[in-house]
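1. any chance you can model this:
(one chain, ligands or ions: 1)
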Amino acid sequence: MTQQVKHFIDGEFVSSTSDKLIPVTDPATQEVIAHVPCATPDEMHRAVESAKAAFLTWKEVPVSDRARLMMRYAHLLKEHQAEIADIICKELGKTVEDAKGDVWRGIEVVEQAANIPSLMMGETVENVARSIDTYSYIQPLGVCAGITPFNFPAMIPLWMFPLAIACGNTFVLKPSEQDPMTVNKLAELFAQAGAPKGVLQVVHGAKEQVDAILHHPDIKAISFVGSVNVGQYIYKTGTDNLKRVQAFAGAKNHMVIMPDANKQQVVNALVGASVGAAGQRCMAISVAVFVGDAAKWIPDVAAAIGKVRPGVYTDPDAAYGPQISPQARARVLSLIAQGKKEGATCVLDGSDCKVEGYPNGNWVGPTVFTNVTTDMEIYKQEIFGPVLTTMQVDSLDAALKVVNDSPYGNGTSIYTASGAAARKYQHEVEVGQIGINIPIPVPLPFFSFTGWKGSFYGDQHAYGKQAVRFYTETKTITARWFNDDIPVSGPNMSINL
Ligand code: NAD
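-> Numbering: from 1, shown residues only. Sure thing, here's the model as predicted:
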């Protein structure tokens with residue numbers, strides 16, 4: 001029997017008593033490297049009870065001490081970046097550089113959490129009426145929870161619990177069952193940084209454990225990142241249970257290429273943004289919309305993407321790794337087959353990809369389609385594989401219509417030398433994160449991750465100021481202190497101060 005992944009409950013790594021175990025496999029070989037338990041109802045209960053008890057003391061810890069915890073944590077994460085990346089490589093198959101980037105983008109959020117004193121400043125107005133002042137504080141909510149996807153096993157959990165905990169909350173995290181070991185390392189380092197017992201809990205499992213979170217009366221707020229259907233389910237069920245929910249979901253991101261753009265920049269950007277990380281990124285560019293004469297670059301784009309090849313993380317020449325599971329690979333392959341059936345032209349076909357020495361890996365080679373139309377499944381569905389679909393339109397207005405008609409709105413990018421075109425695009429496009437000559441415009445953590453439309457359900461987004469608002473409640477105080485200069489007034493029968 002391989003190792004069983006432990007929960008982290010009440011400050012300790014504990015073995016589960018569950019008999020429901022899910023194998024964690026190396027996606028390059030299918031070797032089972034661990035088993036992850038589905039937490040029992042009792043384990044779920046203990047985790048929430050411990051978080052609830054820890055909240056009573058943690059919320060009273062001075063904000064500067066909470067900030068210092070985050071400083072120590074960021075430091076430890078940096079020291080252990082390569083070790084965490086190695087776990088990501090083994091359970092998810094990312095290349096080493098990409099896995100290090102996954103950790104780094106999370107560390108940046110922890111650094112932001114170390115700024116919590118200024119992020120938690122309230123507002124004040126003196127003399128809202130004669131000798132009366134109004135001021136507001138923001139205070140933590142209590143026990144918050146996070147449910148995370150497989151594709152960024154370090155960054156996305158780090159989007160959630162550091163800021164929530166820096167705000168004074170305690171946190172229950174349910175990571176993806178497909179790569180659960182990365183989060184255990186994050187929890188171990190958090191304890192090592194000095195996080196008090198109970199402030200962070202990690203419970204493993206799948207749908208049943210998510211349902212336990214959604215229905216638990218003591219969980220006040222839920223952060224979710226994952227696929228569209230699950231995101232909608234979590235938003236609807238969580239809010240139905242009167243919880244605060246932010247749900248980041250799937251995407252279909254377009255890059256618009258104007259004919260005045262720099263061709264080489266476009267080609268390079270499209271290679272990395274479409275097939276990098278095996279296309280398993282919610283901000284991957286999966287649709288390239290070529291405007292006018294820019295379409296003549298499509299063969300060069302396909303040729304450049306064709307030079308890229310997947311491989312195992314130990315191979316320094318591998319551009320990206322395998323799909324997370326045989327099921328994910330089969331889904332990508334069936335969408336490629338459907339694209340061909342529906343009449344798109346597959347100018348680069350990665351369906352039959354082999355990697356020497358790894359016959360059982362979930363490989364999909366880089367794939368490019370031309371003549372794609374918006375009624376095709378390869379356009380409508382998030383493929384989440386190394387597949388670029390391309391389209392041609394006559395004008396920027398026509399490109400805007402394609403992008404704005406999409407039900408998703410996570411990210412988009414425009415490549416152009418024209419400030420006027422870029423300005424028009426950023427102003428009119430109905431997407432929450434826009435890159436101008438930047439292919440994957442994920443904002444740094446002093447901003448927020450602001451997906452729109454079907455890519456996000458909720459109000460306040462991840463990290464930055466919006467996350468602090470999400471994880472806190474505002475308390476507004478209106479105060480008057482009597483002294484001899486203030487005349488005693490009679491009863492006030494109106495609503496005026
Ligand atoms: P997923 O929806 O399958 O799983 C996400 C989480 O939900 C996991 O923890 C899983 O255990 C749980 N879950 C799965 N099925 C469930 C169900 N029926 N009921 C309750 N919980 C369930 O997503 P995934 O395949 O792990 O991740 C890939 C998806 O995540 C892609 O669609 C990608 O676009 C999206 N994603 C979005 C963002 C964003 O910021 N918008 C970022 C990263 C990933």
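2. please tell me how far A277 sits from P407.
-> According to CB to CB, to the nearest Å, A277 stands 23 Å off from P407. Placement of C-beta: from N, CA and C, glycine included.
3. of the two, which one has the most company?
-> Using other CB atoms under 10 Å as the criterion, A277 and P407 rank with A277 on top: 24 against 11.
4. that one touches F150, doesn't it?
-> No - with contacts counted by CB atoms under 8 Å, A277 stays clear of F150, the gap being 11.5 Å.
5. check this structure and tell me which residue is nearest its centre.
-> Centroid-nearest residue in the chain, with CA atoms, centre = their mean: I156, separated by 4.6 Å.
6. ok, the closest residue to N127 other than its chain neighbours - contacts?
-> Leaving out its chain neighbours, the residue that sits closest to N127 by CB to CB, 6 or more residues apart in numbering is D133, at 6.8 Å. Applying CB atoms under 8 Å, 6 or more residues apart in numbering, we find D133 in contact with T124, V125, E126, N127, T478, A479, R480.
7. the same query, at a cut-off of 7 Å, please.
-> T124, E126, N127, A479 (CB atoms under 7 Å, 6 or more residues apart in numbering).
8. now those residues as TSV including neighbour count and secondary structure?
-> Converted to TSV, these look like this (neighbours: other CB atoms under 10 Å; DSSP: H, G, I helix; E, B strand; the rest coil):
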residue	neighbour count	secondary structure
T124	11	strand
E126	9	strand
N127	9	strand
A479	10	strand
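9. between those, which sits nearest the ligand?
-> T124 (34.6 Å; CB to the nearest ligand atom).
10. return the set of residues that bridge with the closest residue to the closest one other than its chain neighbours.
-> Excluding its sequence neighbours, the residue lying closest to T124 (CB to CB, 6+ apart) is Y135, at 4.1 Å. Note on Y135: beta-bridge partners by DSSP bridges are T124, I477.
11. ok, the particular helix or strand that has V368 in it: who's next to it in the sheet?
-> Assigned by DSSP states H and E, V368 belongs to strand 367-370. The pairing partners recorded for strand 367-370 under DSSP bridges are strand 345-348 (antiparallel), strand 387-393 (parallel).
12. of those, which stretch is the most buried?
-> strand 387-393 (a mean of 24; mean count of other CB atoms under 10 Å).
13. give me the buried positions along the next helix or strand after that strand.
-> Downstream of strand 387-393, the next assigned helix or strand under DSSP H and E is helix 396-405. Neighbour-count burial for helix 396-405, with 16 or more other CB atoms under 10 Å as criterion, is recorded at L396, A399, L400, V402, V403.
14. ok, so of those, who is nearest E49?
-> V403 (47.1 Å; CB to CB).
15. what's near enough to touch that closest one?
-> Contacts of V403 (CB under 7 Å, 6+ apart): H254, V256, T412, V429, V431.
16. any chance of these in CSV, with pLDDT and distance to the ligand too?
-> As requested, these are exported to CSV (pLDDT from 0 to 100; distance: CB to the nearest ligand atom, whole Å):
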residue, pLDDT, distance to the ligand
H254, 98, 15
V256, 98, 20
T412, 98, 13
V429, 98, 17
V431, 98, 12
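17. next step: the residues you listed restricted to strands.
-> Using DSSP state E to define strands, the subset of the contacts of V403 located there is H254, V256, T412.
18. which of those residues are buried, as a PyMOL select command?
-> Per 16+ other CB under 10 Å, the buried members of the ones in strands among the contacts of V403 correspond to this PyMOL selection:
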select buried, resi 254+256+412
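19. nearest to T237, of the ones in strands among the contacts of V403?
-> Nearest member of those to T237, counting by CB to CB, is T412, at 29.8 Å.
20. let me know whether the closest one touches A251 as I believe.
-> No - with contact defined as CB atoms under 7 Å, T412 does not reach A251; the gap is 9.7 Å.
21. which residues does G409 form beta bridges with?
-> Beta bridges link G409 to W452, judged by DSSP bridges.
22. what number of residues lie near it?
-> There are 23 residues near G409, going by other CB under 10 Å.
23. that one against T450, yeah?
-> No - between G409 and T450 there is no contact under CB under 7 Å: 9.4 Å.
24. anything in contact with each of these two?
-> G432.
25. picking that back up, dump the strands paired with strand 367-370 to CSV, plus mean pLDDT and distance to P359.
-> Below are the strands paired with strand 367-370 laid out as CSV (pLDDT from 0 to 100; distance: least, CB to CB, whole Å):
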stretch, mean pLDDT, distance to P359
strand 345-348, 98, 22
strand 387-393, 98, 22
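26. of all those strands, which lies closest to A54?
-> Comparing these by CB to CB, strand 387-393 comes nearest, at 44.9 Å.
27. list the residues that contact A467.
-> Here A467 is in contact with L163, S448, Q460 (CB under 7 Å, 6+ apart).
28. tell me the contacts of the second one?
-> This means S448. H461, A462, Y463, G464, K465, Q466, A467.
29. look up how far M283 lies from it.
-> 14 Å.
30. so who does the residue in the stretch 1-150 of the chain positioned nearest to the ligand touch?
-> For the stretch 1-150 of the chain and the ligand, the shortest gap (CB to the nearest ligand atom) falls at P149, measuring 3.0 Å. Neighbouring residues of P149 by CB under 7 Å, 6+ apart: I156, S176, V225, G226.
31. hang on, it in a strand?
-> No - P149 is assigned coil when assessed by DSSP: H, G, I helix; E, B strand; the rest coil, not a strand.
32. for it, what are phi and psi?
-> The phi and psi values for P149, taken as degrees, to the nearest 10, are phi -90, psi 180.
33. surely R469 meets Q460?
-> Yes - in this structure, R469 is within contact of Q460 by CB under 7 Å, at 4.8 Å.
34. take the contacts of A467 and keep only those in helices.
-> Per DSSP state H, helices hold the following members of those: L163.
35. can you put the contacts of A467 in TSV and add distance to G361?
-> Below are these laid out as TSV (distance: CB to CB, whole Å):
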residue	distance to G361
L163	36
S448	36
Q460	40
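36. can you tell me the element the residue nearest to N127 falls in?
-> Short version: D133 belongs to strand 132-140, going by DSSP H and E.
37. for that strand, the averaged confidence score.
-> Here strand 132-140 scores 97 as its mean pLDDT.
38. run the chain-centre distance for it.
-> Taking CA atoms, centre = their mean, to the nearest Å, one finds the center of strand 132-140 at 31 Å from the center of the full chain.
39. could I get the CA-only coordinates of that strand as PDB?
-> Extracted C-alpha coordinates of strand 132-140, given in PDB (Å, rounded to 0.1, in the frame of the first residue of the first chain):
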ATOM      1  CA  ILE A 132     -20.800  63.400  16.300                       C
ATOM      2  CA  ASP A 133     -18.200  61.300  14.500                       C
ATOM      3  CA  THR A 134     -18.700  58.200  12.400                       C
ATOM      4  CA  TYR A 135     -16.100  55.600  11.800                       C
ATOM      5  CA  SER A 136     -16.000  52.000  10.500                       C
ATOM      6  CA  TYR A 137     -13.900  48.900  11.400                       C
ATOM      7  CA  ILE A 138     -13.700  45.800   9.400                       C
ATOM      8  CA  GLN A 139     -13.800  42.600  11.400                       C
ATOM      9  CA  PRO A 140     -13.400  38.900  10.400                       C
END
